[in-house]
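K.L.:
3D, please:
(chains A and B)
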Amino acid sequence: MKDFIIPDRDFGTPAAKSKTMVTLTIDGFDVTVPEGTSIMRAAAEIGITVPKLCATDSVEAFGSCRLCLVEIEGRNGTPASCTTPVAPGLQVHTQTGKLKQLRRGVMELYISDHPLDCLTCAANGDCELQDMAGAVGLRDVRYEAVETHFRAKDTSGQANPQWLAKDDSNPYFSYDPSKCIVCSRCVRACEEVQGTFALTIEGRGFDSRVKAGMTGDSFLSSDCVSCGACVQACPTATLVEKSVIDIGTPDRSIVTTCAYCGVGCQFKAEMRGDELVRMVPYKHGKANRGHSCVKGRFAYGYASHKDRILNPMIRDTINDPWKEVSWAEAMEFAASRMKAIQEKYGRQSVGVITSSRCTNEETYLVQKLTRAVFMNNNTDTCARVCHSPTGYGLGQTYGTSAGTQDFDSVEHCDVALVIGANPASGHPVFASRLKKRLRAGAKLIVVDPRRTEMVEGAHYKAAHHLALKPGTNVAIVTALAHVIVTEKLYNEEFIRTRCDWDEFQDYMEFASEPRHSPEAVELLTGVPAAEVRAAARLYATGGNAAIYYGLGVTEHSQGSTTVIGIANLAMLTGNIGRPGVGVNPLRGQNNVQGSCDMGSFPHELPGYRHVKNADARAIYENLWGVTIDPEPGLRIPNMLDAAVEGTFKGLYCQGEDILQSDPDTKHVSAGLAAMECVIVHDLFLNETANYAHVFFPGSSFLEKDGTFTNAERRINMVRKVMAPKQGYADWEVTQMFARAMGADWGYTHPAQIMEEIALTTPSFAGVSYERLETLGSVQWPCNEKAPEGTPMMHIDGFVRGRGKFIRTEYVATDEKTGPRFPLLLTTGRILSQYNVGAQTRRTENVVWHPEDVLEIHPHDAENRGIREGDWVRLASRAGETTLRAEVTDRVSPGVVYTTFHHPVTQANVITTDFSDWATNCPEYKVTAVQVAPSNGPSEWQEAYEAQASLSRRIAAAE
Amino acid sequence: MKIYVPRDAAAKALGADAVAAAIETEARRRALDVTVIRNGSRGMIWLEPLVEVETPAGRMAFGPLCVKDVAELFAAGWLEDHPKALGLTADLPWLRGQTRLTFARVGVIDPLNLADFRAHGGMAGLERAVAMTGAGIVEEVTKSGLRGRGGAGFPTGIKWKTVHDAPGAQKYIVANADEGDSGTFADRMLMEGDPFTLIEGMVIAGLAVGATKGFIYSRSEYPDANVVMTEAIRIARAEGMLGQSVLGSGRAFELELRVGAGAYVCGEETALLNSLEGKRGTVRAKPPLPALQGFMGQPTVVNNVISLATVPVILAKGAEHYAAFGLGRSRGTIPLQIAGNVKHGGLYEIAFGLTLHQIVNEIGGGTASGRPVKAVQVGGPLGAYLAPHQFETPFGYEEYSGQNALIGHAGLTVFDDSADMLKLARFAMEFCAIESCGKCTPCRIGAVRGMETLDRIGRGDAAAIPLLTDLCDTMKAGSLCALGGFTPYPVMSALTHFPDDFAAHAKEAAE
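P.N.:
Below you'll find the model as predicted:
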């Protein structure tokens, strides 16, 4: 679909990157463009639009439609302007008598095979074919078209074999072959932008048709991942969003930021009135560059799902049904309970959990609530359970708690080392950008127990897949360092100038010890030593090498150690401080970076300043007029422990479902049950709300202004596209609650909150809504030294001064397999679902993943008499659940894998309370389990289901 | 006694295998020491199977033979007075009139006997080339004036220079042996009759541009040629003509035969490269030129079989020798392939410059039916129909362009006065519709609409003639490659030169 609302110019072909400039003349006007630019794009640069149908600037020129022909003085024929590059001194004519006649001739052919149902077509007014027919002045179609693709019956009334029925199998878009002009834009978008290669043209000549998958496949049954790139690329209504068919074309659009993963894609929310018609990836979004995935592009239906709670609710005990009340009553109820708890049990008896899905401004207010109103530091956030080791590890070694690069950096990388991450599922838009680079020749090393989609795919294959045993990351990372130091592959100049030489020597001595050699750890890790050596050599010597890692690194008892080991690898090889290199944590949630930045941790004020730091405290004390507790508060697991012990009684939990997402569900539920006031602030009655006394209905990301910070430290604007359905943006709700607790907050817009953040946080000093509006987004640090932000960090020196090498001693986890629990469970996610699934389960995405399944190796399945699709019981020391088995060799023998998207399964009943030594990040990725055939839900699942349905009752209005 | 029986597919189609078997049987029966050599075809298809017997005076020709002739010939002692005896092969007018440079050994030698190949002047070009620099070879080929024999007529030396000068880690030589034009068979005859010449040319090309790997892209419809080429490559590798050190020069060249799956369009060089890469055989836009970004994105020479097979003689005898033949900018010789309704069809290599009159009426002997010649289609199914008033045009690239025609791969198809040019025009559109890769609009939709429009004209709708003309303009200037771009040649030449065949239907309809 063309962009008709905010006319986002389509330049026809991608921008050339050459620094050499070329000047030519087009229709008498001089234009200077980089070498390699197409004539079409050069013309577009000076506002001359050459008619086109098969060209669009998201994919390479193809030259098939033959509308963009031009004449060049001194050259024969009529070359296509999309495929012809500029050359110095060319004299190009884009509109001549000959060209006009040719274009009309081509259009006449197109229209002779197109249904002329424009008035009732979903793309009416938004169709490039329509536009081009107008642009070339087509006035007549003289052909007596006998053979067509659009008539269901031929001229003699017989069924037309060329006519194909619509494919409506994808829940979000439809494919109508009768409207297709075979421009291949969809096929090329699927290949070049998304990298899935699900689409092709089948047949040849007049029989050429767009086809998803193989013979017999529909879009749904094909490899299509529903990223929407094809729909975006289609110039007609052949591939069109079903929402556009249902509603009509939008009439305005607002640029905002996706609220799913940490990539931080920008979208245009296209609206008609206050109805969202579609989300279209924003071409100028710096993280996504016009691309999207199935979640951000299509899975927004949860925001208007019937399950959404729109009225505040309270209840005396969690056994009572909920009672809908006014906002005032809810605030009064909640505030009086919290005040009473603090009076009775003390200042430290309450706390907050901030949300990584809410905005920076909202998160800032929630931590401010506990620090300035509750007067303690009991704040934590979901980063505790995902990337807290990143904060610690990178903070210790480099001095900042964030990734070093922007996503554009991947375009310059020669070797990508992906550890414990499956971006194809978790960070799909980044994965597409990485795959594009891999198809262009970059090498890939994957460290993952499972053969994920990243290991091998269309036209790429990892050079090395180190399929390690879960829990042995540190051993592998140290072995990689061992090879680098013993084979002298390190970058001595970088280390001497940028790092502490003594610390390096200490680390070298440590890593060189024979016990860290790949051969010595092979038995432990299960990875052949030769593979580890080859991978290390490739990483150290293959050119620009970048590390991308995820929760498979952090969610371990030695998560922080692995992060340190990763940081060491990059320093050893000098892969820091330029495009194409770096250490890049792939953050899970849309604003988990921001929630960490905003002081959500109990020991850190915004900007990662320790609460013990009196100067930092003073800034807030002066501004807020309170005294800040100089002692760190409680982390989530500590809160729950304290609750069970009876000293922690009240919790305000915004936008996080700790009961489902945190490890050892039974311990979480026991902690929550022991509290006297649990306030849940969420869109839905989530699992945690089963234990809540107060429910504040939340607002979706479409309903509020604010900012999200993505994995590349990029602060993106979130814009209100519709009024909050339940009346208030989340920051307003938090403010109401703070005021009910006695605070005198008076923010009238999130911009004022950002002003306060900028005023108090050095790394945000230059951030303002005004600047974000002007620049589109900025990457922190953004201050006087970097007024336009910092795309890349540690360019001339590390933030902490000199890079710090720290020893990485492998200590095996206490979670060990044994006769009772012989298998290792590791967990992850899949593309179509997001986190605990609260949002995605309430969209059509369930067609791809209706339930969590247990992946088990054929060998282990055979031993246990388990067949594909059987119900199996999955048990650990912590608990048990049942789910269906999928027998696959994606997992190694001895390893089983599942996702945690569905509360019915509750994978976290199984996970234990072991956690990272430094940050308490739970060890989700390693649990010793046993698997056995089963014939139904576990007792726990039945009890849980009963409790949940009891707890979700809402009393009928009187 | 040595007896030559062609293994050429055309000869085989006319019974050469049975004749060869009969000769062997008969020789055994008579306890005669007879060696049957399966040579290539001499190119006189109307005389196939053409059997030659070695005599002290030279090779004696007999043909066309059938099995029942064999015993008789043995009985008669293979003497000159047999009704099927044609005299000394070398004295046959068909051969005497030719200048065989590219095809010098075809029909003469055992195609898979490398010693025979050498004995007849083979390998001399390569032996000279291994002592030269790449640039020197390119210079020699440029000076010869050799142009692409596939049809486009692009100067081979200039193409080679582009590849030679292009930076690239790995360069390739691709021989386009996907000879799909109806009425053409030069590539096939060369591969079946003298495969080492193609190999020699490709190795020289590799040395010239710095390519170490070559592909012959042949077609599944050429099973005999593929068998011969496969065996020839094996022998060449075993004999050091291919491999890590070509003729001990220390310079490497490897060669692989790939067989296409039957798409005509894969004879178009960019579609060929896509097919070779394992992709759909669709045409690529140019630029980038294959010379700069060809196979796997690397600099690649894509040349027709005949272009490559002509290189050895250029190197062996020198560029001046080759350039001395021909006329204007069309230098050297061209293997004419004479087919269709013609008395003497076959392959005839001669310097550029003959007229169609000479080719069809003198060499070809007029039509097979004996009726007057109505038209000759030159350059395959996408070539123009030339009418008798154009028959004095000398055979050359520029000369034919001047007639809105093309020489293409030098295939000529002769039609007598019973041909319906409207039907032949429709056939051109139909051919394009069937063989279109489907990428560009003028070809994908235009060819189908072209058939429909010609049907309208055939039904007497003369008003559709301007629409046909417009469509041909669109296809000619708008198509991405020569398939859609050249289809207007046969259509418009038929319409222009034989307007009566188009108007007649209108008249009939009106009556």
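
K.L.:
what's near enough to touch the nearest residue to B:Gln244 once chain neighbours are set aside?
P.N.:
Residue nearest to B:Gln244 in three dimensions, not counting chain neighbours: B:Ala252, with 4.9 Å by Cβ to Cβ, 6 or more residues apart in numbering or on different chains. Any C-beta I mention is one placed from the backbone N, CA and C, and that applies to glycine too. Neighbour list for B:Ala252: B:212, B:243-246 [criterion: Cβ atoms under 8 Å, 6 or more residues apart in numbering or on different chains].

K.L.:
Recalculate using a threshold of 10 Å.
P.N.:
By Cβ atoms under 10 Å, 6 or more residues apart in numbering or on different chains, the contact set of B:Ala252 is B:203, B:206-207, B:211-213, B:242-246.

K.L.:
hmm, which of the residues you listed are the buried ones?
P.N.:
B:203, B:206-207, B:211-213, B:242, B:246 (16 or more other Cβ atoms under 10 Å in any protein chain shown).

K.L.:
Nearest to B:Thr162 among these?
P.N.:
B:Ala211 (12.6 Å; Cβ to Cβ).

K.L.:
my read: the closest one touches B:Asn303, true?
P.N.:
No: with contact defined as Cβ atoms under 10 Å, B:Ala211 does not reach B:Asn303; the gap is 11.5 Å.

K.L.:
backbone phi and psi for the residue nearest to B:Gln244, please?
P.N.:
phi -100, psi 150 (degrees, to the nearest 10).

K.L.:
A:Val277 now?
P.N.:
Per degrees, to the nearest 10, the backbone of A:Val277 is at phi -90, psi -50.

K.L.:
repeat for B:Tyr172
P.N.:
The phi/psi pair for B:Tyr172 (degrees, to the nearest 10) reads phi -130, psi 150.

K.L.:
Now do the contacts for it.
P.N.:
Here B:Tyr172 is in contact with B:163, B:205-206, B:209, B:211-215, B:273, B:276, B:290, B:294-296, B:298-302 (Cβ under 10 Å, 6+ apart).

K.L.:
PyMOL command for the buried members of those?
P.N.:
Only the buried entries of the contacts of B:Tyr172 go into this PyMOL selection, using 16+ other Cβ under 10 Å:
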select buried, chain B and resi 163+205+206+209+211+212+213+214+215+273+276+290+294+295+298+299+300+301+302
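
K.L.:
Could you give the bridge partners of the residue nearest to the spatial centre of chain A?
P.N.:
Chain A has A:Cys261 as the residue nearest its centroid, 2.6 Å off, counting by Cα atoms, centre = their mean. Here A:Cys261 sits in beta bridges with A:Gln589, as judged by DSSP bridges.

K.L.:
could you list every residue that touches it?
P.N.:
Neighbouring residues of A:Cys261 by Cβ under 10 Å, 6+ apart: A:293, A:295-296, A:423, A:425-430, A:586-590, A:592, A:710-711, A:829, A:834-835.

K.L.:
Quick one: mean pLDDT over the strand or helix carrying B:Asp455.
P.N.:
Under the criterion of DSSP states H and E, B:Asp455 resides in helix B:446-458. Regarding helix B:446-458, the rounded mean pLDDT is 97.

K.L.:
Can you name the next helix or strand after it?
P.N.:
Following helix B:446-458 in sequence order, the next helix or strand is helix B:464-478 (DSSP H and E).

K.L.:
packing partners for that next one?
P.N.:
helix A:97-112, helix B:421-435, helix B:441-444, helix B:446-458, helix B:482-486, helix B:488-497, helix B:499-510 (3 or more Cβ pairs under 10 Å, 6 or more residues apart in numbering or on different chains; DSSP states H and E).

K.L.:
May I see those organised as TSV, with mean neighbour count and distance to A:Cys265 added?
P.N.:
Output for the helices and strands packed on helix B:464-478, formatted as TSV (neighbours: other Cβ atoms under 10 Å in any protein chain shown; distance: least, Cβ to Cβ, whole Å):
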stretch	mean neighbour count	distance to A:Cys265
helix A:97-112	21	33
helix B:421-435	22	44
helix B:441-444	30	34
helix B:446-458	25	41
helix B:482-486	24	41
helix B:488-497	24	48
helix B:499-510	15	59
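
K.L.:
Now do the same for A:Leu874: helix, strand or coil?
P.N.:
strand (DSSP: H, G, I helix; E, B strand; the rest coil).

K.L.:
isn't it right next to A:Pro933, touching?
P.N.:
No: using Cβ under 10 Å, A:Leu874 is not in contact with A:Pro933, being 11.3 Å away.

K.L.:
Now do the phi/psi pair for residue 260.
P.N.:
Reading this off chain A. The phi/psi pair for A:Tyr260 (degrees, to the nearest 10) is phi -90, psi -110.

K.L.:
Not quite, go with chain B.
P.N.:
Per degrees, to the nearest 10, the backbone of B:Gly260 is at phi -70, psi 170.

K.L.:
What count of nearby residues applies to it?
P.N.:
23 (other Cβ atoms under 10 Å in any protein chain shown).

K.L.:
and what of A:Ala189?
P.N.:
Based on other Cβ under 10 Å, the number of other residues close to A:Ala189 is 26.

K.L.:
Tell me the spacing between it and A:Ala692.
P.N.:
45 Å (Cβ to Cβ, to the nearest Å).

K.L.:
now swap in B:Glu231 and tell me
P.N.:
82 Å.

K.L.:
Compare the two and say which one has the larger neighbour count.
P.N.:
Taking other Cβ under 10 Å, B:Glu231 and A:Ala692 do not tie; A:Ala692 has more neighbours (27 against 13).

K.L.:
which residues does the more buried one contact?
P.N.:
A:313-315, A:318, A:322, A:651, A:653, A:659, A:672, A:675, A:677-682, A:685-686, A:951.

K.L.:
what sits against the closest residue to chain B within the stretch 551-700 of chain A?
P.N.:
As assessed by Cβ to the nearest Cβ, chain B sits closest to A:Gly580 within the stretch 551-700 of chain A, at 20.7 Å. Each residue near A:Gly580 by Cβ under 10 Å, 6+ apart is listed here: A:405, A:408-416, A:437, A:442, A:543-546.

K.L.:
quick one: contacts for the closest residue to chain A within the stretch 251-400 of chain B?
P.N.:
Nearest residue of the stretch 251-400 of chain B to chain A, counting by Cβ to the nearest Cβ: B:Ala285, 3.2 Å away. By Cβ under 10 Å, 6+ apart, B:Ala285 lies in contact with A:60-64, A:79-80, A:82-84, B:270, B:439-440, B:480-481.

K.L.:
What is the nearest of these to A:Glu362?
P.N.:
Lowest distance from A:Glu362 to those (Cβ to Cβ) belongs to A:Glu60, with 41.8 Å.

K.L.:
Kindly report the residues of the stretch 601-750 of chain A close to chain B.
P.N.:
Within the stretch 601-750 of chain A, no position is near chain B by Cβ under 10 Å from any Cβ of the partner chain.

K.L.:
circling back: between the buried ones among the contacts of B:Ala252, which is nearest B:Gly134?
P.N.:
Lowest distance from B:Gly134 to the buried ones among the contacts of B:Ala252 (Cβ to Cβ) belongs to B:Leu207, with 6.2 Å.

K.L.:
per-residue confidence for that closest one?
P.N.:
So, for B:Leu207, pLDDT stands at 97.
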